[in-house]
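1. Sharing a model prediction with you, sequence too.
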Amino acid sequence: AQSVTQLDSHVSVSEGTPVLLRCNYSSSYSPSLFWYVQHPNKGLQLLLKYTSAATLVKGINGFEAEFKKSETSFHLTKPSAHMSDAAEYFCVVSDRGNAGNMLTFGGGTRLMVKP
Amino acid sequence: GAGVSQSPSNKVTEKGKDVELRCDPISGHTALYWYRQRLGQGLEFLIYFQGNSAPDKSGLPSDRFSAERTGESVSTLTIQRTQQEDSAVYLCASSQTSIGEQFFGPGTRLTVL
């Protein structure tokens, strides 16, 4: 079984400053890891995914994440926050068991960006 | 269609009533997933379809929950005798294959009074 822990339920940054959203996972297999973003009243959107290729993954809107197996972490970063980045972010691990590609979600981190 | 659609977008019902939630996946996507998102929490997996078959129903929280899929297309999630703890956003996702990227619909917000 796998699980995902997002270490911060809320993160607040000023516009133009770096963003760090922390995620730790546990998995019995070589995991696939994802970050999804959910803006208010909108559907979930895939930001980026790691599937055992390069450990530093670049996604949309300037976000990137680094897979660190020794630390079982997959933290999401962005060098400079923009007001439009304010949203809920979910770290996700994939289980390729009986349930096809069942996704296990972390509890989410709400990112607030101050002007 | 252009994306995954779900209906209704909002549903308010009284405790004890049955509800049906509908999901229209992206055309040609063989895999379909239902998730539940309670207020302030991440998504919980409910059930997965490959074609019209559901090989894994382990996420369904009780026997009041059931789902079906027909024509390898539309899926309905039925909740019988709704309870207040069923209040949540129910999200549907589809993927082209069982290991492909999942595309999510906008969800149905269910409120049980």
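-> Looks like it arrived, so ask away.

2. Tell me which residue is most central in chain B.
-> Centroid-nearest residue in chain B, with Cα atoms, centre = their mean: B:Trp34, separated by 3.6 Å.

3. can the helix or strand that contains that one be found next to chain A?
-> Under the criterion DSSP states H and E, the helix or strand holding B:Trp34 is strand B:31-37. Yes: taking Cβ under 8 Å from any Cβ of the partner chain as the criterion, strand B:31-37 and chain A are in contact, through B:Ala31, B:Tyr33, B:Tyr35. For glycine as for every other residue, the C-beta is placed from the backbone atoms N, C-alpha and C.

4. Could you look up the next helix or strand downstream of the lowest-mean-pLDDT helix or strand in chain B?
-> In chain B, no helix or strand scores lower on mean pLDDT, DSSP states H and E than strand B:53-56, which sits at a mean of 86. Using DSSP H and E, the helix or strand that follows strand B:53-56 towards the C-terminus is strand B:65-69.

5. neighbouring strands for that next one, and are they parallel or not?
-> strand B:75-79 (antiparallel) (DSSP bridges).

6. who's in contact with the partner strand?
-> B:18-23, B:25, B:32, B:34, B:46-47, B:49, B:64-69, B:86, B:90, B:92, B:110 (Cβ atoms under 8 Å, 6 or more residues apart in numbering or on different chains).

7. repeat that with 6 Å
-> Here strand B:75-79 makes contact (Cβ atoms under 6 Å, 6 or more residues apart in numbering or on different chains) with B:19-23, B:32, B:34, B:64-69, B:86.

8. Put together JSON lines for those, with pLDDT on each row.
-> Output for the contacts of strand B:75-79, formatted as JSON lines (pLDDT from 0 to 100):
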{"residue": "B:Val19", "pLDDT": "98"}
{"residue": "B:Glu20", "pLDDT": "98"}
{"residue": "B:Leu21", "pLDDT": "98"}
{"residue": "B:Arg22", "pLDDT": "98"}
{"residue": "B:Cys23", "pLDDT": "97"}
{"residue": "B:Leu32", "pLDDT": "94"}
{"residue": "B:Trp34", "pLDDT": "95"}
{"residue": "B:Arg64", "pLDDT": "97"}
{"residue": "B:Phe65", "pLDDT": "97"}
{"residue": "B:Ser66", "pLDDT": "96"}
{"residue": "B:Ala67", "pLDDT": "97"}
{"residue": "B:Glu68", "pLDDT": "96"}
{"residue": "B:Arg69", "pLDDT": "96"}
{"residue": "B:Asp86", "pLDDT": "96"}
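
9. Can you add distance to A:Pro115 and give those back as CSV?
-> Output for those, formatted as CSV (distance: Cβ to Cβ, whole Å):
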residue, distance to A:Pro115
B:Val19, 42
B:Glu20, 44
B:Leu21, 39
B:Arg22, 41
B:Cys23, 38
B:Leu32, 41
B:Trp34, 39
B:Arg64, 47
B:Phe65, 44
B:Ser66, 48
B:Ala67, 44
B:Glu68, 49
B:Arg69, 46
B:Asp86, 39
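
10. Quick check: of the residues you listed, which lies closest to A:Pro18?
-> B:Trp34 (36.4 Å; Cβ to Cβ).

11. Near chain A, which residues of chain B? Just list them.
-> Residues of chain B lying close to chain A by Cβ under 6 Å from any Cβ of the partner chain are B:31, B:41-43, B:45, B:48, B:50, B:55-56, B:98-99, B:104, B:106.
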